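# The sequence and its predicted three-dimensional model are supplied below.
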Amino acid sequence: MTASSTEVFHDPRKRAYLNPEGADKPLISTIGDDVLDRARRYRLGRIREQLAVHDCAAILLYDPVNIRYALDSSNMMVWTMHDPCRYALIVADGPAIMFEFEGALHVNDGLPGIDEVRLATSWMYLTKGDAVDRSVESWAAEIREALGPGHRRIAADRIDPAGVDALAKLGVDVIDGGRLTERARAIKSADELELMRWTIRVCEAGMARVYEASEPGRTENEIWAELHFENARSGGQYLETRLLLSGPHTNPWYSECSDRRVQLGEIIAFDTDMVGPYSYLADLSRSWTCGHVPFTPKQRELYAAARDQIEHNTALLWPGMSFEEFNAKSWRIPEKYQPYKYTCAVHGSGMADEWPFIPLHPDFDPDYSRGGFEENMVINVESLIAEQGSESIKLETQVLITADGPVRLDTFPWED
């Protein structure tokens with residue numbers, strides 16, 4: 001389906017996921033500011049709780065996903081993933097300071113978690129060249145001043161060695177902040193879940209467009225663009241991957257979509273990896289045939305195995321289930337599929353793929369964590385099934401763990 005298409009859906013169940021006001025109109029959120037403000041306060045509170053648990057005076061954030069989580073500040077998130085020109089410092093017993101690059105301080109106006117906005121000091125070679133040493137010293141001095149007197153220990157999610165050394169010279173010890181941010185983000189509030197459900201709503205509208213565009217002669221890129229289109233016009237952020245593949249291009253997995261033209265009856269398999277409105281992740285996978293013709297016997301066999309894996313592992317997601325017990329009880333992938341298996345059985349989701357990340361049983365490491373699943377975690381259940389010479393079937397669902405067991409957040413239909 002293109003932006004102006006009015007063709008009849010092959011599967012009416014999937015039509016319901018488009019905008020009921022018309023497929024030519026974007027989805028516009030009706031979530032109130034009160035929900036967003038409560039989610040903001042909750043997320044910043046989770047970060048501060050982790051600072052207390054790990055006895056840190058502050059946390060320094062460069063990862064744009066962590067900055068969005070803690071302060072809801074968003075500014076060119078993809079670009080700042082590789083150009084570290086903006087950062088945040090959250091002091092445990094002091095202010096939350098957003099350091100923004102020149103000309104963009106205004107993007108933080110009205111964000112309640114930010115106490116102060118300052119001009120960022122860049123010290124990457126791209127912007128400072130051979131003046132990097134002088135710049136990093138100025139940067140470290142400002143961080144040290146913001147922390148207050150005394151020897152201080154801080155966490156940092158991403159920091160180059162020069163920054164660690166410059167802070168150390170000023171009496172600041174730096175520990176890895178990944179444990180803090182991952183643990184903070186793992187437990188969702190009711191307001192976060194409302195925001196995530198909206199992203200999933202937008203994603204499923206995009207999936208409906210992908211479904212109808214899955215016609216013979218279309219390129220993989222052309223079909224994949226339908227998801228980008230729906231996400232962008234509905235206020236989403238970006239897609240983290242380019243995983244829509246067809247026919248023999250599905251095996252091995254992890255190729256990127258291309259100009260390959262899809263043929264009638266071939267499998268089209270995809271993984272959305274979509275960061276949508278409010279920067280929440282909708283990470284869903286489906287597989288169907290080009291032209292929506294019935295599965296061949298082999299396609300049906302692979303699809304049935306993938307559904308078995310999804311259903312079996314989803315049913316295990318109860319609060320209190322340890323990771324080790326989950327591994328022991330998880331679906332056992334048949335030997336003929338193991339060379340083509342996926343990298344994990346389940347993983348957490350929030351504003352990106354998150355902790356925990358539990359590999360399939362052949363690769364499980366008991367030292368990964370002695371923890372377990374908790375209420376209000378959001379967990380993605382994965383399946384990739386293929387064998388020598390076959391196409392791949394990719395399926396994935398997003399699941400909320402409740403006191404009463406697992407509840408799927410996505411509802412987009414499986415294939416019959």
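Structure received. Note that this is a predicted model, so its numbers are computed, not measured. Numbering: from 1, shown residues only.
# Please enumerate the helices of the stretch 51-200 of the chain.
Ranges of helices in the stretch 51-200 of the chain, per DSSP state H, counting those that start in this stretch, are 64-71, 77-82, 125-128, 132-147, 161-168, 178-186, 190-213.
# Just send the ones you listed back as TSV, with mean neighbour count, mean pLDDT and distance to residue 275 too.
Heads up, the C-betas are built off the backbone N, CA and C, glycines and all. What follows is those, written out as TSV (neighbours: other C-beta atoms under 10 Å; pLDDT from 0 to 100; distance: least, C-beta to C-beta, whole Å):
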stretch	mean neighbour count	mean pLDDT	distance to residue 275
helix 64-71	24	98	8
helix 77-82	14	93	8
helix 125-128	13	85	24
helix 132-147	17	94	28
helix 161-168	16	95	27
helix 178-186	21	97	14
helix 190-213	23	98	8
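# just so I know, which of those lies nearest residue 32?
Nearest to residue 32, of all these, is helix 190-213, at 9.6 Å by C-beta to C-beta.
# Would you mind getting the angle between that closest one and helix 178-186?
80 degrees (axes from the mean of the first three to the mean of the last three C-alpha atoms, to 10 degrees).
# Check which helices and strands the helix or strand just after helix 190-213 sits against.
As assigned by DSSP states H and E, the chain's next helix or strand after helix 190-213 is helix 220-233. Secondary-structure packing of helix 220-233 (3 or more C-beta pairs under 8 Å, 6 or more residues apart in numbering; DSSP states H and E): helix 190-213, strand 238-239, strand 243-246, strand 267-271.
# Export only the CA atoms of helix 220-233, formatted as PDB.
The C-alpha trace of helix 220-233 is given here as PDB (Å, rounded to 0.1, in the frame of the first residue of the first chain):
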ATOM      1  CA  GLU A 220      12.400  -5.000  -0.200                       C
ATOM      2  CA  ASN A 221      13.300  -1.300   0.300                       C
ATOM      3  CA  GLU A 222      10.000  -0.200  -1.200                       C
ATOM      4  CA  ILE A 223       8.000  -2.500   1.100                       C
ATOM      5  CA  TRP A 224      10.100  -1.500   4.200                       C
ATOM      6  CA  ALA A 225       9.500   2.200   3.500                       C
ATOM      7  CA  GLU A 226       5.900   1.800   4.400                       C
ATOM      8  CA  LEU A 227       6.900   1.300   8.100                       C
ATOM      9  CA  HIS A 228       9.200   4.400   8.000                       C
ATOM     10  CA  PHE A 229       6.300   6.400   6.400                       C
ATOM     11  CA  GLU A 230       3.800   5.600   9.200                       C
ATOM     12  CA  ASN A 231       6.300   6.100  12.000                       C
ATOM     13  CA  ALA A 232       7.600   9.500  10.600                       C
ATOM     14  CA  ARG A 233       4.200  11.000   9.900                       C
END
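# Compare the helices and strands packed on helix 220-233 and give me the one nearest residue 312.
strand 267-271 (19.9 Å).
# and the angle for that closest one with helix 220-233?
Using the same axes, to 10 degrees: strand 267-271 against helix 220-233 is 40 degrees.
# what packs against the following helix or strand past strand 267-271?
Following strand 267-271 in sequence order, the next helix or strand is strand 274-275 (DSSP H and E). Applying 3+ C-beta pairs under 8 Å, 6+ apart, one finds that strand 274-275 contacts helix 190-213, strand 238-239, strand 281-282.
# These: which one's closest to residue 343?
It's strand 281-282; of the helices and strands packed on strand 274-275, that one is closest to residue 343 (C-beta to C-beta) at 16.8 Å.
# ok, that closest one: who's next to it in the sheet?
strand 274-275 (antiparallel) (DSSP bridges).
# The partner strand: how far from the chain's middle?
Put simply, strand 274-275 sits 6 Å off its chain's centre (C-alpha atoms, centre = their mean, to the nearest Å).
# Likewise for stretch 77-87?
17 Å.
# what distance separates the start and the end of it?
For stretch 77-87, the separation between the terminal residues is 12 Å (C-alpha to C-alpha, to the nearest Å).
# what do you get for stretch 320-331?
19 Å.
# Could you tell me how many residues sit around residue 174?
By the measure other C-beta atoms under 10 Å, the count of residues near residue 174 is 18.
# OK, contacts around it?
Counting by C-beta atoms under 8 Å, 6 or more residues apart in numbering, residue 174 makes contact with 60, 153-156, 159, 163-164, 167-168.
# If we use 7 Å, what do you get?
Residue 174 sits next to 154, 156, 159, 164, 167 when contact means C-beta atoms under 7 Å, 6 or more residues apart in numbering.
# could you measure the first one against residue 63, distance?
In this structure, residue 154 lies at 15 Å from residue 63, with C-beta to C-beta, to the nearest Å as the measure.
# what's the helix or strand for residue 356?
Applying DSSP H and E, one finds residue 356 within strand 353-358.
# Could you tell me the angle between that strand and helix 178-186?
100 degrees.
# for the helices and strands packed on strand 274-275, which one sits closest to residue 34?
helix 190-213 (8.6 Å).
# What about residue 19, how many residues nearby?
What residue 19 shows, counting by other C-beta under 10 Å, is a neighbour count of 17.
# Could you measure from residue 374 over to residue 245?
From residue 374 to residue 245 the distance is 34 Å (C-beta to C-beta).
# same question, residue 349
22 Å.
# again, but for residue 201
25 Å.
# Domains in this protein, by residue range?
33-186, 189-408 (automatic domain parsing).
# Figure out which of the ones you listed is closest to residue 13.
Using C-beta to C-beta, the domains of the chain put domain 189-408 closest to residue 13, at 9.6 Å.
# CA-only coordinates of stretch 190-202 in PDB, if you can.
Output in PDB follows, covering the C-alpha atoms of stretch 190-202 (Å, rounded to 0.1, in the frame of the first residue of the first chain):
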ATOM      1  CA  ALA A 190       1.600   2.500  34.300                       C
ATOM      2  CA  ASP A 191       2.200   5.800  32.500                       C
ATOM      3  CA  GLU A 192       5.200   4.500  30.600                       C
ATOM      4  CA  LEU A 193       3.200   1.600  29.500                       C
ATOM      5  CA  GLU A 194       0.500   3.900  28.100                       C
ATOM      6  CA  LEU A 195       3.200   5.700  26.100                       C
ATOM      7  CA  MET A 196       4.600   2.400  24.900                       C
ATOM      8  CA  ARG A 197       1.200   1.100  23.900                       C
ATOM      9  CA  TRP A 198       0.800   4.100  21.600                       C
ATOM     10  CA  THR A 199       4.100   3.400  19.900                       C
ATOM     11  CA  ILE A 200       2.900  -0.100  19.300                       C
ATOM     12  CA  ARG A 201      -0.300   1.200  17.900                       C
ATOM     13  CA  VAL A 202       1.600   3.300  15.400                       C
END
